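Undergrad: Sequence first, then the predicted structure, then my questions.
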Amino acid sequence: MSNGQSRFHVPAPPFRPGDAPDFSHLDLQKAGEAKRPDPLTAPAKMTDLAMGLIGVLDHNHQAVGEWDPRLSPEVLREGLSHMVLTRIYDARMLKLQRQGKMSFYMKSLGEEAVAVAAAMALEKSDMVFPSYRQQGILFARGRNIVDMMCHCISNSRDNLKGRQLPVHYTWAEGNFFSISGNLGTQFPQAVGYAMACAYKGEDTIAASWIGDGTTAAPDFHAAMTLASTYRAPVILNVVNNQWAISTYEGIAKGDSPTFASKGLGYGLASLRVDGNDFLAVYAATKWAADRARKGGGATFIELFTYRADAHSTSDDPSRYRPKNEFEVWPLGDPIERLKNHLIGFGEWDEERHEKLEEQMTALVVKSYKEAESHGTLHDGPLSPTHTIFEDVYATEDWRLRRQRQDLGV
Amino acid sequence: MSNGQSRFHVPAPPFRPGDAPDFSHLDLQKAGEAKRPDPLTAPAKMTDLAMGLIGVLDHNHQAVGEWDPRLSPEVLREGLSHMVLTRIYDARMLKLQRQGKMSFYMKSLGEEAVAVAAAMALEKSDMVFPSYRQQGILFARGRNIVDMMCHCISNSRDNLKGRQLPVHYTWAEGNFFSISGNLGTQFPQAVGYAMACAYKGEDTIAASWIGDGTTAAPDFHAAMTLASTYRAPVILNVVNNQWAISTYEGIAKGDSPTFASKGLGYGLASLRVDGNDFLAVYAATKWAADRARKGGGATFIELFTYRADAHSTSDDPSRYRPKNEFEVWPLGDPIERLKNHLIGFGEWDEERHEKLEEQMTALVVKSYKEAESHGTLHDGPLSPTHTIFEDVYATEDWRLRRQRQDLGV
Amino acid sequence: MPAMNMLQALNSAMDVLLDKHPETVIFGEDSGYFGGVFGATQGLQKKYGLDRVFDAPINEAAIAAMAIGMAAKGLKPIAEIQFADYIFPAFDQIISEMSRLRYRSAGQFVSPVVVRSPWGGGIRGGQTHSMSPEAFFTHIPGVKVAVPSNPYDAKGMLIAASEGDDPVIFFEPKRIYNGPFDGVPDAPLSSWAKHPKGEVPEGHYRVELGKAEIVREGEACTVVTYGTLVHVAVNAAEKAGIDAEIIDLKTLAPYDIETIVASVNKTGRVVVAHEAPRTSGFGAELAAQIQEECFYALEAPVFRLTGWDTPYPHAHEWAYFPGQARFIRALQTVTEAR
Amino acid sequence: MPAMNMLQALNSAMDVLLDKHPETVIFGEDSGYFGGVFGATQGLQKKYGLDRVFDAPINEAAIAAMAIGMAAKGLKPIAEIQFADYIFPAFDQIISEMSRLRYRSAGQFVSPVVVRSPWGGGIRGGQTHSMSPEAFFTHIPGVKVAVPSNPYDAKGMLIAASEGDDPVIFFEPKRIYNGPFDGVPDAPLSSWAKHPKGEVPEGHYRVELGKAEIVREGEACTVVTYGTLVHVAVNAAEKAGIDAEIIDLKTLAPYDIETIVASVNKTGRVVVAHEAPRTSGFGAELAAQIQEECFYALEAPVFRLTGWDTPYPHAHEWAYFPGQARFIRALQTVTEAR
Ligand SMILES: Cc1ncc(C[n+]2csc(CCOP(=O)(O)OP(=O)(O)O)c2C)c(N)n1
Ligand SMILES: Cc1ncc(C[n+]2csc(CCOP(=O)(O)OP(=O)(O)O)c2C)c(N)n1
Ligand SMILES: [Mg+2]
Ligand SMILES: [Mg+2]
């Protein structure tokens, strides 16, 4: 760690474009190896869970070990279906963005399990505070796809009246909080929300998600401190997909052993989970939700995954990392893994899978046609122009009234 | 930790006014027990140092164990002398504040070792970024007491031209950074400074101090993240005197095992030290400085101590904690402990101690007389009024020129 | 009606709110057991319990964020920032989140948080216990900004703020917590008991936000100000014998333009005054709007009487503070122009 | 002289600074290997090494604090905040620390940091990639605020900022990174290669802060603006056939009052324009100061043409942005008044 004298150190990722990526240094704990303590165990008694890796699906796609949530084939197929839909939706929206139908898009390719499995493990009454990369939650909670698209193309039926960038969804009915463009800000808000649930004596909890890069943000510390001090019924998730935009995880992580270990200094239950293992994500979320509902307070979860595509439509990852990193990434593809698991015990097959993909593609295509019938960003109709002056305050004050009149709307 | 259902939790200190304080629950590691690893040891290999308590002086005032810095009697007497001066200075300044000679004052009673021992363990060329409660550093570095007082009474010789509250010293010559009234802000600045030292290839390091309450501040996380990512040659100290103003440590600490353990999630070398043990503070600081200078990066140190008096002249601690807490506090008084240690091996006695106190009192009294001859806040002379328009920018712009003229100065 | 000082009035407001609304929760640094460094929340934890009035960690961003999350779930949080100088760590939560939640969610989520904070100088607080950062917040669409100048308004406005539907930044002029201040630092402290607005009803009442008050009628010029300076203005006008009309703005965002315009159209001369630095202070907004709306009525330029473009100095506090002497000079300048 | 767009000019400025001054270090989110999300620092890490141009964690407060600490030790940091919308986590470090270090230490320590940040709307960035928060910073004594409007100035001003002794908040109008913009969203993009200020010397030169520039002379009215709107103003004046004198302010704190006053005394009519919300925007400061200094010369109220008091909407961006139509109307209003 040292050359014997102080010097300026800036960390750099192991591989850059042109390098052959190799993850053999990762030494990941094997699926099934991590113990599953009672959800009310004291954090100090399970610090190993922050250092290892909770996994259920082994390399033969079998569910193994104490964390196996023992879900029915129906539930597993449902999860698979949500993940497939997420992926197809993302791919389609990206294409539409390239065609100029929307200003911006962000995919969740390769990390669909993180959102879908967590959403399925939570109650629908639990409030989620996601980042822009957990669209899977919306599918799992059954949001109308046309509505999602209407938001993304900012048309007259956009439930956010064209005010937000695409993918910055809000869906109060589905207990899906308003996504902020500002990183990290919602992490401590989720804690406040959870505290209010406890204050009201409700059984509801809150959950939030941020990225690996965002663990460096000031509000990360705010959230963790609040969660610890007030033992809030909240699940604080870090989706470690290993990249911020062009910045690798090491710039936020520094010399931390794992992101999950950042929870230990706050005395929080801290889990590191294979984020590409649907069953593991489901089980860990369920465990944390249980802990929260039973008065055990907050859980901090690192979901180890990989961002398989660009950060957004604004960057080209081949400029800052090897093109094939995802292919050699040891934790694979969450859809493939769950699919093979189901096939492994005869509850799924390639044919059904293809059919599912076709159905989902058809649904997405049809939904987009319907969405477009309500307008697009470029050709309208949009939400009426006067709406830009609404919702600033509960009621319009003289300044906004005059400004609206000035614009003639 | 739970009553089986989620509920609103607000932590409270074990004792309030009227209660009989009792620290037997503390289970502190005994002096001499902690191992002293090589300063370049990897953080993961010494996590126990964040959980235990590094101590050298045992209950018989003997220096024991691996952390004994083996200082000469001269150095120990110097340390004792700085601590005694700090305490006498503080007491005198408090009295003068009560007499209206200055607007505000903050003592460091009971935690003098934290500042004095650290300052003596550092090189004078190392830059310190203290909070308002490490005045001991100034004595240890030999600052002119008259100058210190001139600052506190904001007179014509105040080196800060009356711009800062008392005790918010700056002393560039002594490599003592400008103290901010804003908590925590200087913690990450110290890291930036240390990075610049490394960038320049210098051997110099930086050190900063914040309180237990301030570990909750956003800038705490900024500092720790920077220190970890860039392996900066810096020592980040938390003076855990167990109280913010009226707020006990539990509000910042939450369920953290120790403040020191907050360093582990950042992968920083993290030490928990008996802050009332001059030798332990000295040894830990030296170890950390060594580590930094040799390229081992940052160290995070919790100095466990107790704030024996009020937070400042603006609060009355008997309103929020038992009056006698300090008396039953198990780690005692740093001056008494070092004094008894020296007496124990014949290098000091009560008589010499009394004489030292007398000398220091005389010095303080005499210094104050001299300081007052340069003016006081109430009766002046102050720094000339036109100076309030200086140093906003490197040169006065038209706005400030006009405003100065407007005020007729 | 009992006489209350401003701290007692604020305390009483919170007492009323806690009593009437189970959704009211109050927190801040040292706000719980101790009752706040100025004592505004004294006794409330004891009366209402640890879960309704409690201490927060020293992280103003966390305090704001916790409040936003709670408000989104239907609570009515009143968060205390110990000094307005320390509100900046919360600035991002306020500007990017609190102020915009209603807008960006098209009304699906709201965050009607009240952020209380002792504000302004005059107590020898030096540069970190003296700031008046109100201008920043008036530039944020979606938050209201209020600054009461007396116990009666303080209580009524705090109740109105907390019972309202929007986030409110509620600045409390700490110099006048214990008594009005005429701008002469060495004069003996006067007491709220002798001031008509020191009479404060015990129970529930509201002083609605957005309405200014003419605290002194006059013909010679208009003074638009708020907080501590309202009292300095009144005293300066008396002392100078100038027939100034003095407007206590009370709410800065949205400010009561009608009252201002009516007065300026009458007097034709204006001083706008605040303690904050001059450049881009809230006085700039007032002057800009007044010159636009009353252009043809104005007989002299709108005069900005402000703090200097420097940090708030400690020892030279009274050279910084726009006190009686500078106020009188300002009144003379505008009334004597041409 | 080569033609450069604004990004190339900024890149060239940093290249010059890194080459000439070993104390120059550059960092920000994605600023290192990738060269920034807009490419402003592209190629610089490769050329100067990992220790001079590097990636920072996503913590704007940490970025500012690191810069302050480094500057206190004699380095000359240029910190990039990825979007001006994300500068607020750093607000406390800027207002409480960067701006005041020289003052509170009476000159013993200084922090001459340059904070660069892409600024302003017009790129469909929605409310979190479009803000113009300059007014906040102009209210902070001790920091300078600069907004170049073309490649030549961008380079010269960035060099002057970094070689100066004060902290500078350096806002870059991202809408015109690649070409000037006339305020008509659907018009084809024009190129800096065709603009005289697109000619940028390769080497070292400075455009000193604090000086405005008259980019179009005229008699009918004065327009005071900065950044993207300079181009919108010029085009609107042409289009409307109004003989407007257009001042590119360039530096907002301290602003060039002399140039403004001289022009307004000549024209008697003024539009001040910015994209930021109206209330307490920087236009308020300009209007307040102009009405004070040019009171007797003014023939119409100073007109504030600004963004609305709402967050920056995404879909309705062009209803928010003060584009050509609104500009023309403003020019007509002031020139036709009375
Ligand atoms: C406060 C703030 N700073 C910077 C940005 C710009 N930004 C948007 S996404 C991003 C990277 C986030 O990386 P990570 O947290 O790992 O999330 P991921 O996109 O990988 O899910 C950055 C820097 C922002 N949105 N907010
Ligand atoms: C950002 C900020 N918030 C609040 C304060 C007010 N304040 C001054 S000291 C203090 C308590 C600090 O406690 P701690 O960190 O434990 O330090 P100690 O005084 O015990 O050394 C508070 C809340 C401040 N100075 N700065
Ligand atoms: Mg990421
Ligand atoms: Mg403390």
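TA: Cool, the structure landed. Residues are numbered from 1 along each chain as shown, chains lettered A, B, ... in the order given. Ligands and ions are numbered 1, 2, ... in the order given.

Undergrad: ok, residue C:195 - contacts?
TA: C:150, C:151, C:180 (Cβ atoms under 8 Å, 6 or more residues apart in numbering or on different chains). (Each C-beta comes from the backbone N, C-alpha and C, glycine too.)

Undergrad: State the helix or strand in which the last one lies.
TA: So the one you mean is residue C:180. Under the criterion DSSP states H and E, no helix or strand holds residue C:180.

Undergrad: near ligand 1, which of the contacts of residue C:195 show up?
TA: Near ligand 1, taking Cβ under 6 Å from any ligand atom as the test, no member of those is found.

Undergrad: Serialize those to JSON lines and add fields for pLDDT.
TA: Formatted as JSON lines, these follow (pLDDT from 0 to 100):
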{"residue": "C:150", "pLDDT": "98"}
{"residue": "C:151", "pLDDT": "98"}
{"residue": "C:180", "pLDDT": "96"}
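
Undergrad: Counting neighbours, which of those residues end up buried?
TA: Buried subset of the contacts of residue C:195 (neighbour count, 16 or more other Cβ atoms under 10 Å in any protein chain shown): C:150, C:151, C:180.

Undergrad: and the residue of chain A nearest ligand 1?
TA: residue A:211 (2.0 Å; Cβ to the nearest ligand atom).

Undergrad: Please apply the same query to the stretch 1-150 of chain C.
TA: Counting by Cβ to the nearest ligand atom, the stretch 1-150 of chain C gets nearest to ligand 1 through residue C:92 (7.4 Å).

Undergrad: related to what we said a few turns ago, tell me the one of the buried ones among the contacts of residue C:195 nearest chain D?
TA: Chain D lies nearest to residue C:150 out of those, by Cβ to the nearest Cβ, at 24.8 Å.

Undergrad: Correct me if wrong: that closest one contacts residue C:198.
TA: Yes. With contacts counted by Cβ atoms under 8 Å, residue C:150 reaches residue C:198, the gap being 7.2 Å.

Undergrad: can you give me the strands for chain A?
TA: In chain A, the strands defined using DSSP state E lie at A:127-129, A:206-211, A:234-240, A:269-274, A:299-304.

Undergrad: Between strand A:206-211 and the third one, find me the angle.
TA: Pointing back at strand A:234-240 there. Using axes from the mean of the first three to the mean of the last three Cα atoms, to 10 degrees, one finds that strand A:234-240 and strand A:206-211 are set 20 degrees apart in direction.

Undergrad: strands paired with strand A:234-240, and their directions?
TA: Strand pairing for strand A:234-240, determined by DSSP bridges: strand A:206-211 (parallel), strand A:299-304 (parallel).

Undergrad: and residue B:400, which of the ones you listed is closest to it?
TA: strand A:206-211 (43.2 Å; Cβ to Cβ).

Undergrad: distance of the residue nearest the centre of chain A from chain D?
TA: Among the residues of chain A, the one closest to the centroid is residue A:134, at 3.4 Å (Cα atoms, centre = their mean). In this view, residue A:134 and chain D are 18 Å apart by Cβ to the nearest Cβ, to the nearest Å.

Undergrad: Is it correct that that residue is in contact with residue A:113?
TA: No. Taking contacts as Cβ under 8 Å, residue A:134 lies outside contact range of residue A:113: 10.9 Å.

Undergrad: and residue 212, how many neighbours?
TA: Picked chain A for this. For residue A:212, the number of neighbouring residues by other Cβ atoms under 10 Å in any protein chain shown comes to 27.

Undergrad: not quite, I wanted chain C
TA: Using other Cβ under 10 Å, residue C:212 has 20 other residues around it.

Undergrad: Please apply the same query to residue A:100.
TA: The number of residues packed near residue A:100 is 10, by other Cβ under 10 Å.

Undergrad: Tell me if I'm right that it and residue A:379 touch.
TA: No. The criterion here is Cβ under 8 Å, and residue A:100 misses it with residue A:379 at 10.4 Å.

Undergrad: before we move on, the earlier item: mean pLDDT and distance to residue D:19 added to the strands of chain A, as a markdown table?
TA: Shown next, in a markdown table, are those (pLDDT from 0 to 100; distance: least, Cβ to Cβ, whole Å):
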| stretch | mean pLDDT | distance to residue D:19 |
| --- | --- | --- |
| strand A:127-129 | 98 | 46 |
| strand A:206-211 | 98 | 35 |
| strand A:234-240 | 98 | 38 |
| strand A:269-274 | 98 | 45 |
| strand A:299-304 | 98 | 42 |
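
Undergrad: Any idea which of these gets closest to residue B:41?
TA: Nearest to residue B:41, of all the strands of chain A, is strand A:269-274, at 23.6 Å by Cβ to Cβ.

Undergrad: The closest one close to chain B?
TA: No. Applying Cβ under 8 Å from any Cβ of the partner chain, one finds strand A:269-274 out of contact with chain B, separated by at least 8.6 Å.

Undergrad: what are the C-alpha coordinates of that strand, in PDB please?
TA: Extracted in PDB, the C-alpha atoms of strand A:269-274 (Å, rounded to 0.1, in the frame of the first residue of the first chain):
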ATOM      1  CA  ALA A 269     -27.600  -4.300   9.600                       C
ATOM      2  CA  SER A 270     -25.500  -4.500   6.400                       C
ATOM      3  CA  LEU A 271     -25.900  -7.100   3.700                       C
ATOM      4  CA  ARG A 272     -23.900  -7.600   0.500                       C
ATOM      5  CA  VAL A 273     -26.000  -9.400  -2.000                       C
ATOM      6  CA  ASP A 274     -25.600 -10.900  -5.500                       C
END
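
Undergrad: Not counting its own residues, what contacts it?
TA: A:28, A:31, A:41, A:43, A:46-47, A:49-57, A:258-264, A:280-281, A:284, A:287-288, A:291, A:296-304, A:331.

Undergrad: switch the cut-off to 7 Å
TA: Contact partners of strand A:269-274, identified using Cβ atoms under 7 Å, 6 or more residues apart in numbering or on different chains, comprise A:31, A:43, A:46, A:49-55, A:258, A:260-261, A:263-264, A:280-281, A:284, A:291, A:299-304, A:331.

Undergrad: Apart from its chain neighbours, what residue comes closest to residue C:3?
TA: Closest residue to residue C:3 apart from its sequence neighbours, by Cβ to Cβ, 6 or more residues apart in numbering or on different chains: residue C:193 at 4.0 Å.

Undergrad: where does the one you found land in three-state SS?
TA: In three-state terms, and counting by DSSP: H, G, I helix; E, B strand; the rest coil, residue C:193 is helix.

Undergrad: Roughly how far does residue C:78 sit from chain B?
TA: 16 Å.

Undergrad: Could you do residue A:19 as well?
TA: With distances taken as Cβ to the nearest Cβ, residue A:19 is found 22 Å from chain B.

Undergrad: what's the neighbour count on that residue?
TA: With other Cβ under 10 Å as criterion, residue A:19 counts 12.

Undergrad: Look at the residue lying closest to it once chain neighbours are set aside and say how many residues are nearby.
TA: Among residues not flanking residue A:19 along the chain, residue A:322 sits closest, at 5.5 Å (Cβ to Cβ, 6+ apart). As a burial measure, residue A:322 scores 20 neighbours (other Cβ under 10 Å).

Undergrad: give me phi/psi at residue A:322?
TA: When read as degrees, to the nearest 10, the backbone of residue A:322 gives phi -60, psi 140.
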